[in-house]
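Trainee: structure here, sequence nowhere to be found:
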């Protein structure tokens, strides 16, 4: 039975027929105190066939009753805000409230950070866990530690530092087994064939409760339910990320076409395969080893040769 690394303290093992199992506990025997989540491949396919016909509220009810250690990851885009509002109206007992995970890349628009405060005020029962890049509290500290405009000089490293590593860290610290996301098929790009429920390489369960909804449906829900939203929406933005890689969207363009304009990139990192970043880290380590070896050879060549003393 093969074993993959865990997003939290859980040990994740593959089941026969490419299924998935998440076993709580940090040891190889999986003797933790938490619950176990198991999906075989046929079971996962069955769930997706059934869930795709349900309304988002019904999908959320299924998640709450079926998935322990469930959290919502959000950058407070429209879809995530709809999910949050729907959850707040499901009359969930407080122990079952779904906490939010917000990755502060240190490069968000001020309007996005202002929205976080509005959300806390509007939904006081919901905990918002904020995680930042390691070793930095603001963009100035980040630039000093990792280099100025890193998103231009090394996009993979930037994504890893501001999104991937913080996400993996908070998943581990909070022992997260499943997350609700704000991804939808109508957003275009690689999201066109998005399932309702999926399992990533490490066994983390991702649920996309509004996968079937269009931007118009999301926006109408926001308006009808008076949900606080990012004021950048009124300035032509439809998908908001970091300030340096987000632009307004023109009529007729895909919803996420304003992200990484002119680049082939379509995802920020946390929804890319983890193997991509494992390979990136391996290449970084090999680069450091090569540089250290070259430095050692260079130092040796500069040192004066010594001759033995004659007797």
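Mentor: Perfect, I can see it now. Treat the numbers as computed from the prediction; the structure is a model and nothing was measured.

Trainee: how about low-confidence regions in the chain?
Mentor: By pLDDT under 70, the low-scoring segments of the chain are 1-36, 188-192, 252-285, 287-288, 302-311.

Trainee: can you pull out the strands in it?
Mentor: 3-4, 11-15, 19-23, 36-39, 70-73, 100-103, 128-131, 178-180, 197-199, 205-207 (DSSP state E).

Trainee: next, count neighbours for residue 224.
Mentor: 8 (other CB atoms under 10 Å). C-beta here means a position set from N, CA and C on the backbone, and glycine is covered the same way.

Trainee: what does residue 56 give?
Mentor: 22.

Trainee: what sits closest to it if chain neighbours are left out?
Mentor: Excluding its sequence neighbours, the residue lying closest to residue 56 (CB to CB, 6 or more residues apart in numbering) is residue 209, at 4.5 Å.

Trainee: tell me, how many residues neighbour the one you found?
Mentor: Residue 209 has 29 nearby residues by other CB under 10 Å.

Trainee: settle this for me: it is touching residue 52, isn't it.
Mentor: No - here residue 209 lies out of contact with residue 52, judged by CB atoms under 8 Å, at a distance of 10.8 Å.

Trainee: find residues that contact each of those two.
Mentor: Jointly contacting residue 209 and residue 52 under the rule CB atoms under 8 Å, 6 or more residues apart in numbering are residue 196.

Trainee: ok, now how distant is the residue nearest to residue 56 from residue 84?
Mentor: 11 Å (CB to CB, to the nearest Å).

Trainee: bridge partners for residue 199, pull those for me.
Mentor: When bridges are called by DSSP bridges, residue 199 pairs up with residue 205.

Trainee: neighbours of it, just the number please.
Mentor: Residues near residue 199, counting by other CB under 10 Å: 22.

Trainee: one more: residue 45?
Mentor: 13.

Trainee: quick one: it from residue 179, how far?
Mentor: 20 Å.

Trainee: and residue 124, by the same measure?
Mentor: Distance from residue 124 to residue 179, by CB to CB: 22 Å.

Trainee: give me the more crowded residue out of the two.
Mentor: Neighbours of residue 124 and residue 179, each counted by other CB under 10 Å, are more numerous for residue 179; the result is 25 against 7.

Trainee: from what I can see the more buried one touches residue 69, true?
Mentor: No - assessed by CB under 8 Å, residue 179 is found out of contact with residue 69, at 9.5 Å.

Trainee: quick check: neighbours shared by the two?
Mentor: What both residue 179 and residue 69 touch, as defined by CB under 8 Å, 6+ apart, is an empty set.

Trainee: and residue 99, backbone torsions?
Mentor: phi -70, psi 160 (degrees, to the nearest 10).

Trainee: what sits closest to it if chain neighbours are left out?
Mentor: Using CB to CB, 6+ apart, the closest residue to residue 99 is residue 127 (4.3 Å).
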